[in-house]
Every structure is written in structure tokens, then in C-alpha cells.
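Participant: Sequence and computational prediction follow.
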Amino acid sequence: MHDLIKGLFLKNLDNPFLNKRGDSALIDTKDKCLAYTTDSFVINPIFFPGGDIGKLSVCGTVNDLSVSGARPRYLSCGMIVEEGFLYKDLERITLSIKAASKKAGVYMVTGDFKVVEKGAVDKIFINTSGIGEIFKGARLSLDHIRPGDKVIISGTIGDHGAAVLLAREELKFTSRLFSDCASINDLISSIICKDIRFMRDPTRGGLATTLKEIVLESGYDISIDERRIPVKEPVRALCEILGLDPLYMANEGKVLLITSARAASRVLSIMKRHPLGRKARIIGEVEKKKQKRVYLKTAIGGTRILDMLRGEQIPRIC
Amino acid sequence: MKYIDEFRNNKLAEKLGRAIFDRAAGLRPINLMEVCGTHTMSICKFGIRRMIPKDVDLISGPGCPVCVTPKSYIDKAIAFSRLQGTIVATFGDMMQVPGSYSSLIDEKTNGRSVKVVYSPLDAVDIAEGNPEKKVIFLGIGFETTSPTVAASLVYAKKKGLKNFFVYPGHKVILPAMEALLEDGRVNIDGFLCPAHVSTIIGMTPYNIITKRYNIPCVIAGFEPLDILQGILMLIEQIRSKNKYVENQYKRVVKRSGNKKALDLMKEVFSIEDSEWRGIGTIPKSGLTLNKKYSVFNPENAFSLPPIKTTHDRGCICGNVLKGVKRPPDCKLFAKSCTPVTPVGACMVSSEGTCAAYYRYRQ
């Protein structure tokens, strides 16, 4: 995917906004700086514990704007459904979008709806795009990160990936797993300040892939302590049984941020007071070396290097 | 988590690491082969190599069932998927393994009916739910997996299912261990024996390694403390010049193994010579469906067009599986052979040595 983005899209659509490769494009106007982003949602199953494609389509775009340092304001929504898609499902998804937009404090200001022949899409695909206003205190850029900066995760990892996997594969587990699908704009607005160097939401590919993207783009190494990374017991259990790694499971209501060392404790304590940040932890720091590696100190004190996820995680045979 | 957290206790891990350093001191450099793919992954995942002396070298052996499945098997599996009215059901690892011209994931993308299952019993469910389709399950794995496949066939026979098949590709681990020792190119001072295979076969089969080849064997679990303790036990045997089969994984492995599982395997399978990818044919190292269950073998039920299996140019998976070479020794490693564009099976399988090296950068 990264090679495709670089080799096809950036190569051909090359411009100063796109080249920054941020979660949102930043556009300066006379009075303010705007953030503008888009995302498409093709999740299967469309209804899962903790959410659905409608909620996800709002939270995903709100979060992309938020981690860019913006207050999300306006969203668009384009839906494509296959022939025969049930009205009651469409209604349920629409009501979900309504609830998620209200909770996030954003307006769905424009949209589009298309029907295509059966099989041309898998039930329903949704695209949302969003505009937000960059907070005055925000100075987010990988150029600002420095050795000694702290890495913070806002909560438990792998919840969304595990919940969707269970729902999709209809695996029979007694524990119920719920997606963490949520808009994190309120959490972010409570902590945004000049000491926050960079933020990203660790969605597809999980925490490990996001960390790897950061080291590749910034050039610095990052070291992480596995023992400090919060993982829910049922998520751990599922991963242990299937041979999967929670570090690579998707999250849809979490933020990874890099702060200055001096501000880390203060930012952490503010986060912990927020409902979506109760399990926030400092999990690592930016190192001096510049080999573009993510080092993980394992639970038993060994060390390994984390790479990004390529393809899908596959449960092992035996 | 019970039976997991206790065996990942970092204080005990450090203690074991120090003990290994202490007990290995003064010994010449030693090579310990860990045969099982899950050991390979666990060692890499927990960074165990960095906790033990450099002179205690852990070599990965041919215990990754996907890695040793011959290319011709993949080619045939793909051919089955192209037959009208078939569904090929498989463990997920097999999907991306390159055949001569395609892979199962490519076939699925091109519209063939290929389904990933977590258990052979899921494949039976698919057969029962789709009586008009022929469901062919790819029977891959060592002794850990073959009993469940046997159980699925016993069930299918009992139910009189006519549309469920198992394409047999199971392997047996002991002949491969012997073949490595007969090869002579790798100096092996001890074997870390596979945990889950041993829950089935027990301890006795490994006596041939200790008695005939005079090499110690320790059956070890997959948690980091299991592996570290297993390594320490091997070092103690090497120091004392004892060579016997020890069981570190006592909480799961019994001396006699799992009789029920072994009986199921006897009921369904017979032993045959088998081709191992990159290694060649090893006598009496594979399982095929016996006469009683031959009707479930798709090779007897379907005729396929002739297939010309190609060779992997430049790929040294065979030597990696034998422990003769390491992944970085391969000219293709991390260049043209990566998890996204694998050439050999060692890179594709989640337990493959090359995949583990690539992923965890050992």
C-alpha cells in the first residue's frame, strides 16, 4: 500500500499539500488554517459489536482531522449500495451516522447516494470527507520530534481488530469483544498544545505499523516497552489462540502521540481524566539513533525490531 | 492469563538467561536446533537470542509444515480449485504460498471458491451446508494437526458424506530429524523438540535420536521461560555428556503421548515416502489416506490436467530448513523475496524461518 501511494499517487498527483502525507491536508486561508481529509469505509461485517459502518465513517474522518490538530466541523458523505440492500439496514446506518455526528459535534453538510448492481459493491461502501480548523496552539509535524520525546497511547490496543475478526469469522468465544470505535476529538482538544509534536490514529496495521511509519518519515528510532502497552485480556486471549499480534490489530478510537519529555506527565494526567483516555500510558521514547527502526523491549526483557504489517495477519496452522 | 503470564515472568527469564550464560561458559560453541516453526516464531518474538550467549547458536529446522509442503502440492490444490463445483478449504497459512504459476490467494481473487478455515471440522460444516459442492480440505501439518483431520474423516465416514475430501499432505517429524543428522552438514549438539507434536507422540519416539545419534533432546513449550529452560536443560546434558530425552513441558506432554489422537491417526492414515520442499524425498515421512478412507482422497475422485511444476531459482529454502544456511545468506532475502513478494515458502508462512527473520530482524 505504501509503495502504491508513493509510486502511483504521489508521483502523479504531486503537489505541496499531498506531498506532506499527513492524515489531513492543511490549507491556509486569510484568517485560519483549515484541515481537509477524506476516507472510504468498506468494512465487513457492516454491523459489529461496538459499532457499524455508519459510525465508523464519521469517527474515522473526525479522528483524521483531530490528529492533524484540527477541530472537526463539517463532513460530507457519499454512499454506494448494491441492489437489494435492505432499507432497514440503510436506515440503521443513517441513524448511526446521525448519532455519531451529534456526539462529535460535526455537521453532515452534503452527501451523495448511488445504487449499483448486486455484487458490484459488497453491501455498502461509504466515503466521508471532512473539514476542520487547526487549533491555534497546534504545531504538529514530524520535523518537530526530538530524541527524548515521549510516546503515549491513549488506551488499549487491538479492540477493533479483534471484535471485527470475531464477528466476521463467527468464531465461538464466550468473551464479548467490542470495537473501540469512537471520535477522539474531545480528548484531543483537551490536550492540544505546542508540546505535542505529532499525533496519529493507529488504524489499519495497528500500533506497530503506525510507529514504523513515524520512524520512516522522521528518520529517528523509537523504543517501546511491551510491558507498558495496555491490552484487554479477551483481546490477548484471542490473539494467543489464533497466533495473532495485538500490535498489528486495528484501532478506531485511539490516538498515538509524541510529546516533549517535560510535558509528557502533564498530558498523560489530563488524558486519564477523560473517558476515552483512562488507560493512557507512556509506552516509549524517541531515540538519538537514526536507523529508522522501532525497537520493542519484550515482556521478558529481550529486544526485537518491529516492522510494519504487510498484507493481513493470518492465524497459524498449529 | 493462566499458564501464559507465569511463563513470561521477566525476572525468571533474566535468571534463566544468567544461568545459561553461567552453564555455557567454558563449553565450545554449540548448535541447538529448534525444529518447530512456533519455536522459531517465539524465539524471535521474545528476542530470546539476545538473552543467551552468542556461542549458543539456535538453528531453525524444518518444523514449519507450510514451508515443507512441496510446490507440486500447491499446484494440485490450485488445480482442484479450478474444477467446476469445488470449494477448496484450507488453513490460512497456505493461501499465499507460491505455486509454479499462481497461489490460492490469487485464485480466490480470480473468483475461485477458496475458503480459509480454522479447523478441518469447519470444512466438514461447509460440505454439509453445501451438498451440491465438492469440498476439498488441504490436509497439511505435523502430528499436532493430523489427529483433528483424522477426526473429521471419521465423522465424515460416519455421516456418509459424499462431498467431503481431504487432500493429504501431512508430514511426520522424526524422519526429518533423522534425515538432517544423516545429511551431516549441520553440526547439531541438541534438539529443542516440538511441544505440540510431542503432546501427541509423547517422549518415546525421540529415543532414536538420543540412542542412535547420541544427541540430547528436550521437549520444550512455547513460552519464553519454557524455551529458556529447555535450552538450559540441553546445556546441562551437553556438560554432563548425557544424552537422553527430557520433558520440560510436563504440564502438557505425557510420556506416552495422546493415545486417542494416535488411534485416530492409525484409523485413517498410512505412512508413505514424502517429498519435502527444498529437501527432497524422505522415506516414511508422510501420511496418506489408507485404503479404508481412500474414497475421501480427491486424487482418486477427480482427474486433473497434467501440471509441470517449476523450480525456484536462487531460493535456498531447502538449506534454510535444514539449518545449513540462515535467511540473510540467501541472495533473494529481503530483496526479491519478501513477505509481500515471497519466492519460497519459508518467507510466506507465519512460522517460516525467513518470515520470522524478516519480521523480527534477527
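Facilitator: Ah, there it is.
Participant: can you map out the helices along the stretch 101-250 of chain B?
Facilitator: Counting by DSSP state H, counting those that start in this stretch, the stretch 101-250 of chain B has helices at residues B:104-109, B:120-129, B:146-159, B:173-183, B:195-201, B:207-213, B:224-240.
Participant: Which among the ones you listed is found nearest to A:Ser269?
Facilitator: Across these, A:Ser269 has its closest neighbour in helix B:224-240 (33.5 Å, C-beta to C-beta). For glycine as for every other residue, the C-beta is placed from the backbone atoms N, C-alpha and C.
Participant: Show the residue spans covered by the strands in chain B.
Facilitator: B:30-36, B:56-63, B:86-90, B:114-116, B:134-139, B:164-168, B:190-193, B:217-219, B:245-247, B:269-276, B:280-289 (DSSP state E).
Participant: which stretch in those is the model least sure about?
Facilitator: Ranked by mean pLDDT, the strands of chain B bottom out at strand B:56-63, which scores a mean of 88.
Participant: Kindly report the domain assignment for the chain.
Facilitator: Defaulting to chain A. A:2-134, A:142-306 (automatic domain parsing).
Participant: Correction: the question concerned chain B.
Facilitator: Domains of chain B are assigned by automatic domain parsing as B:5-66+B:173-247, B:69-172+B:283-301, B:317-360.
Participant: Pick the most deeply packed of these.
Facilitator: Scoring the domains of chain B by mean neighbour count under mean count of other C-beta atoms under 10 Å in any protein chain shown gives domain B:317-360 as the most buried, with a mean of 22.
Participant: Rounded mean pLDDT for it, please.
Facilitator: Averaging pLDDT along domain B:317-360 gives 81.
Participant: From the chain's centroid, how far away is it?
Facilitator: 15 Å (C-alpha atoms, centre = their mean, to the nearest Å).
Participant: now stretch A:240-260
Facilitator: Computed by C-alpha atoms, centre = their mean, the chain-centroid distance of stretch A:240-260 equals 9 Å.
Participant: what does the stretch 1-150 of chain B have sitting close to chain A?
Facilitator: Within reach of chain A by C-beta under 8 Å from any C-beta of the partner chain, the stretch 1-150 of chain B has these residues: B:1, B:4, B:8-10, B:13-14, B:17, B:37-38, B:41, B:44-51, B:65-66, B:91-93, B:95-96, B:116, B:118, B:140-142, B:144-145.
Participant: Tell me which of those residues fall in helices.
Facilitator: B:10, B:13-14, B:17, B:37-38, B:41, B:44-45, B:65-66 (DSSP state H).
Participant: which one of the residues you listed is nearest chain A?
Facilitator: Taking C-beta to the nearest C-beta as the measure, B:Ala13 is the one of these closest to chain A, at 3.7 Å.
Participant: Does the closest residue to A:His144 other than its chain neighbours lie in a helix or a strand, and which?
Facilitator: Excluding its sequence neighbours, the residue lying closest to A:His144 (C-beta to C-beta, 6 or more residues apart in numbering or on different chains) is A:Arg197, at 4.4 Å. According to DSSP states H and E, A:Arg197 maps onto strand A:196-200.
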